[in-house]
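# Here's my sequence, what's the structure:
(one chain, ligands or ions: 2)
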Amino acid sequence: MQIAPSILTADFTRLGEVLDESIDAGIDWIHLDVMDGNWVINETITFGPAVVRSIRERVGPDVFVDCHLMITNAERTWRQYADAGVDLIIAHVEAIDDPATLISEIRESGTMVGLVLNPDTESNAILPYLPDLDLVLVMSVVPGKGGQSFMPGVENKVREFRVAIDRQISNGGKRTKLMIDGGIKAHNASMVASWGVDVAVIGSGLINDKASIAENIAEIRSQ
Ligand code: DX5
Ligand code: ZN
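Ligands and ions are numbered 1, 2, ... in the order given. This is a model prediction of the structure:
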């Protein structure tokens, strides 16, 4: 299972150093959580396209960068993040009106596209679009902040996507990646890997003041 750091618990004045430290520890995928002060339940703001662009410039072209849009107007503003240099845009299925059109527009721009669903959203909100998606993200917390507790009730949904993606791949379809986000730490990373997750987003379990990023990765990998 690949690990993608969420930078929400980083000291933003030291963001470049945190990114360097992650890459030195072997990380090759960065997950950027964009919140606009409206869509998430706690109405918080994280960062926007200017910071995303600086991050891309800092990490260089070889690190994969995704952008998890927790915003009300993804259908109108996704291009700002594509232009800022992300490889993959992930939009919340609950926050958009016309997933099929958004998927084809993002793909035509040359950027990869994923859909994400909240813990209480059923898999059938995304399954019809699976053949066209580069990634499906299952939220294992209610989006809004780092450091929340993992919701084990998402297991069935993760396994359902694993089965559907494996069937799609064996029928010659797209190799859609399966990602999980929220509350992943050393104690549950191997469990979600056993459910068939390809990429785990890890924020507070990776970027914290208890240990270095390399030490936290080593602990996660050793479980
Ligand atoms: C939640 C975000 C996350 C999350 C990850 O709204 O999408 O990516 O903050 O952080 P941890 O691993 O601390 O739950
Ligand atoms: Zn996220």
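
# Going by C-alpha atoms from here, please, whenever you check contacts or count neighbours.
Noted.

# looking at this, residue 4 is in a strand?
Yes. Under DSSP: H, G, I helix; E, B strand; the rest coil, residue 4 falls within a strand.

# I'd assumed residue 201 was in contact with it.
Yes. Under the criterion of CA atoms under 8 Å, residue 4 makes contact with residue 201 at 4.7 Å.

# so what's in contact with those two at the same time?
Residues touching both residue 4 and residue 201 (CA atoms under 8 Å, 6 or more residues apart in numbering): residue 31.

# Can you name the next helix or strand after the lengthiest helix in the chain?
Identified as the longest helix of the chain according to DSSP state H is helix 155-170. Using DSSP states H and E, the next helix or strand after helix 155-170 towards the C-terminus is strand 177-181.

# Packing partners of that next one?
strand 135-139, strand 199-202 (3 or more CA pairs under 8 Å, 6 or more residues apart in numbering; DSSP states H and E).

# try it again with 10 Å
The contact analysis (3 or more CA pairs under 10 Å, 6 or more residues apart in numbering; DSSP states H and E) places strand 177-181 against strand 2-5, strand 112-117, strand 135-139, helix 155-170, helix 186-194, strand 199-202.

# Return the set of buried residues in the fourth one.
By neighbour count with 16 or more other CA atoms under 10 Å, helix 155-170 contains the buried residues 157-159, 161-162, 165-166, 168.

# Residues of the protein that sit close to ligand 1?
Within reach of ligand 1 by CA under 6 Å from any ligand atom, the chain has these residues: 6, 8, 33, 143-148, 181-184, 202-205.

# for stretch 191-200, the distance to its chain's centre please.
Its chain's C-alpha centre and that of stretch 191-200 lie 13 Å apart, by CA atoms, centre = their mean, to the nearest Å.

# Can you get me the start-to-end distance on that stretch?
By CA to CA, to the nearest Å, the extent of stretch 191-200 from end to end equals 11 Å.

# Likewise for stretch 169-188?
27 Å.

# Can you list the buried residues in that stretch?
For stretch 169-188, by 16+ other CA under 10 Å, it's 174-186.

# what's near enough to touch the residue of the chain positioned farthest from its centre?
The outermost residue of the chain, judged against the average C-alpha position, is residue 171 (26.0 Å), by CA atoms, centre = their mean. Residue 171 sits next to residue 165 when contact means CA atoms under 10 Å, 6 or more residues apart in numbering.

# Likewise for residue 93?
99, 114-118, 121, 125-126.

# Who wins on neighbours among the residues you listed?
For these, the largest number of neighbours (other CA atoms under 10 Å) sits with residue 114, at 28 neighbours.

# Look up which residues are beta-bridged to that residue.
For residue 114, the beta-bridge partners are residue 90, residue 135 (DSSP bridges).

# okay, now residue 222: neighbour count?
Residue 222: 9 surrounding residues under other CA under 10 Å.

# same question, residue 142
Residues lying near residue 142 (other CA under 10 Å) number 18.

# So it sits against residue 41, correct?
Yes. If you go by CA atoms under 10 Å, residue 142 and residue 41 touch, sitting 8.2 Å apart.

# my guess is residue 206 contacts residue 146, does it?
No. Counting by CA under 10 Å, residue 206 sits too far from residue 146 to count as a contact (11.1 Å).
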